[in-house]
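Undergrad: curious how this folds, go ahead:
(one chain, ligands or ions: 2)
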Amino acid sequence: MTNVQASNCPLVADEARLSNGASTTRCKPLLLSPILRHEDVGVNVEQGMRGWRSRTNMRILVTGGTGFIGSHLVDKLMEKEKNEVIVADNYFTGSKDNLKKWIGHPRFELIRHGIQLCFLCPVDQIYHLACPASPIFYKYNSVKTIKTNVMGTLNMLGLAKRLRARILFTSTSEVYGDPLEHPQKETYWGNVNPIGVRSCYDEGKRMAETLMFDYYRQYGIEIRIATIFNTYGQRMNIDDGRVVSNFIAQAIRNEPLTVQLPGTQTRSFCYVSDLVDGLNQLMEGTDAGPINLGNPGEFTMKELAKAVQELINPEVQISEVENTLDDARQRKPDITKAKEVLGWEPKVNLHE
Ligand SMILES: NC(=O)c1ccc[n+]([C@@H]2O[C@H](COP(=O)([O-])OP(=O)(O)OC[C@H]3O[C@@H](n4cnc5c(N)ncnc54)[C@H](O)[C@@H]3O)[C@@H](O)[C@H]2O)c1
Ligand SMILES: O=c1ccn([C@@H]2O[C@H](COP(=O)(O)OP(=O)(O)O[C@H]3OC[C@@H](O)[C@H](O)[C@H]3O)[C@@H](O)[C@H]2O)c(=O)[nH]1
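TA: Numbers count the residues shown, from 1 in each chain. Ligands and ions are numbered 1, 2, ... in the order given. Coordinates of the predicted model:
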C-alpha cells in the first residue's frame, strides 16, 4: 500500500481548499467508505489520519457560527490558542459581520455551506448549531427548517462517525411544547403538536435528538445535547422577531411594545455569555445530556414589557396584539442537572 500524498487524500485536499469565506466543500464518498476499501484506491488512509490526529491543536467545527449564539461561542473558542475554529453557515439568519474580527486569523476559517448538504472536513469536535431560531424565520421556509434539523444533523453525525469526533447538538426548550410539567426537567417528554406551524422546528429538533441517541447507541459516537431556553444578548438581529429584541427595538424607536395575548405566558431568559459557558462545559464534560441550559428566572410577557419600559423608555406605550398558533403558555428550566453534572448556573440576571 502506498503512502497518502497530500494532494491525493480527499480530506487533505478538502482542507486545502478551505479559505476564509471563499469556498464550499463537496461530499467525497470515497474516503472511509464501507463499499470501497482503502487499498482499492491506493491510499493509506489510516496513516494519513494518524498524521492529522497527531496535531496538538484541537480543530473545532461550529455550524451556524455566524448566528447570534454561534458567534459568541466562536469568540470563546478562539480565546484558546490551541483551538482552530471552522465555521460552516449559509448566512440565512447569521452574518459575516458577527465574526469579522476573526476573518483572516490563521486559526479561523469560514465556509458558506448549507448543512442539509453533505459536508466533509477533518475536525475533532463539532458544535452543531445551524438552524434558524426565531419563530418568524423558522416558519418562513418550514420544509427547509426540517431539512436543516434532520438532514443537517444526519450529515453532522455521519461526519462525527467517520472522524470519531465528539458532537454537541443545540436542542431547544421547544421540545417540551406547551408543557404540562412546570418547571421542566430533562425527564419530561413534552406536549408537542406534531402537525402544527411550529412542528418543523420543535419536532425537527426532537427527531435530531433521536438521531443523536441512535448514533450513540449504534456507533458509540460521543454525543452531547443541550436543551437551550430563551437566550438573549448582543448581536441578536434587530428584526429578529424574538421578544427581547422586539421590545428593546420598539422602545428605542418609541413604538408601542407588542405584547402578544394573553400576556400572562411566561419565559425564562438566559444571557448569552452564561449560555455559551454552559455549552462549552457540556462539550468538555462527560455527560451526553440532554441537559437544560437556561436561567430559571421566570417572567410574564407583560412583566418583561414593563421592565423594558422602565429601563429604556418610560414614555413608550404597551399594546396588546394577537398571538401566533401553539405559543407555549409557560416555560422555566429546572437546572438541577446542569448544576450537579456541569457545576454550571447562570450569573447574569435579566435586569442587569
Ligand atoms: N437563541 C435561543 O433562544 C435559542 C433557544 C433554544 C435553542 N436555540 C438553538 O441554538 C442555535 C443557535 O440559535 P441562535 O439564536 O444563534 O439563532 P440564529 O438564527 O441567530 O443562528 C442560526 C445560524 O444558523 C445558520 N443556519 C440556518 N440554517 C442553516 C443551514 N441549513 N446551514 C447552515 N447554516 C444555517 C444561520 O445562518 C445562523 O447563522 C439554534 O440551533 C437554535 O435552535 C436557540
Ligand atoms: O413581539 C413579541 C414577540 C413575542 N412575544 C411573546 O414572547 C414569547 C416569546 O416569544 P419568542 O418569539 O421570543 O420565543 P419563543 O419562546 O416563542 O421561542 C424561542 O424559544 C426557544 C427557542 O428554541 C427558539 O429559538 C426561540 O425563538 C411568546 O409568548 C410570544 O408570544 C410577544 O409578546 N411580543
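Undergrad: please list all residues in contact with the residue lying closest to Asp89 once chain neighbours are set aside.
TA: Nearest-residue entry for Asp89: Thr66, 4.3 Å, with adjacent residues in sequence omitted and distances by CB to CB, 6 or more residues apart in numbering. Bear in mind the C-beta positions are built from the backbone N, C-alpha and C, glycine included. By CB atoms under 8 Å, 6 or more residues apart in numbering, the residues touching Thr66 are Val87, Asp89, Tyr91, Gly94, Ser95, Lys96, Asn98, Leu99, Leu110.
Undergrad: again, only this time at 6 Å
TA: Contacts here follow CB atoms under 6 Å, 6 or more residues apart in numbering; on that basis Thr66 touches Asp89, Gly94, Ser95, Asn98, Leu99.
Undergrad: may I have the phi/psi pair for the second one?
TA: Read it as Gly94. Gly94 adopts backbone torsions of phi -100, psi 180, taken as degrees, to the nearest 10.
Undergrad: those residues of the stretch 1-150 of the chain touching ligand 1, which are they?
TA: With CB under 6 Å from any ligand atom as the criterion, the stretch 1-150 of the chain meets ligand 1 at residues 63-64, 66-70, 89-94, 114-116, 129-133, 148.
Undergrad: ok, now with 5 Å
TA: Proximity of the stretch 1-150 of the chain to ligand 1, by CB under 5 Å from any ligand atom, involves residues 64, 66-69, 89-90, 92-94, 114-115, 129-133, 148.
Undergrad: Ala299 sits in which helix or strand?
TA: Actually, residue 299 is Phe. It isn't Ala. Element membership for Phe299 (DSSP states H and E) is strand 298-300.
Undergrad: what packs against that strand?
TA: strand 266-268 (3 or more CB pairs under 6 Å, 6 or more residues apart in numbering; DSSP states H and E).
Undergrad: residues contacting the strand it packs on, please?
TA: In contact with strand 266-268 (CB under 6 Å, 6+ apart) are residues Phe229, Asn230, Gly294, Asn295, Pro296, Gly297, Glu298, Thr300, Gln330, Arg331, Lys332, Pro333.
Undergrad: find the nearest non-adjacent residue to the residue nearest to the spatial centre of the chain, please.
TA: Note on the chain: the residue nearest the mean C-alpha position is Leu129, at 2.0 Å, using CA atoms, centre = their mean. Nearest residue to Leu129 in three dimensions, chain neighbours excluded: Gly64, at 3.6 Å (CB to CB, 6+ apart).
Undergrad: tell me the predicted confidence for that neighbour.
TA: Per-residue pLDDT puts Gly64 at 98.
Undergrad: so what's Asn178 up against?
TA: If you look again at residue 178, you'll see it is Asp, not Asn. Asp178 neighbours (CB under 6 Å, 6+ apart): Asn191, Ala328, Arg329.
Undergrad: go with 10 Å
TA: When contacts are counted by CB atoms under 10 Å, 6 or more residues apart in numbering, Asp178 touches Gly190, Asn191, Val192, Asn193, Arg198, Gln265, Asp326, Asp327, Ala328, Arg329, Gln330, Arg331.
Undergrad: spatially nearest residue to it, not counting backbone neighbours?
TA: Ala328 (4.8 Å).
Undergrad: part of a helix, is the one you found?
TA: No: counting by DSSP: H, G, I helix; E, B strand; the rest coil, Ala328 is not part of a helix but coil.
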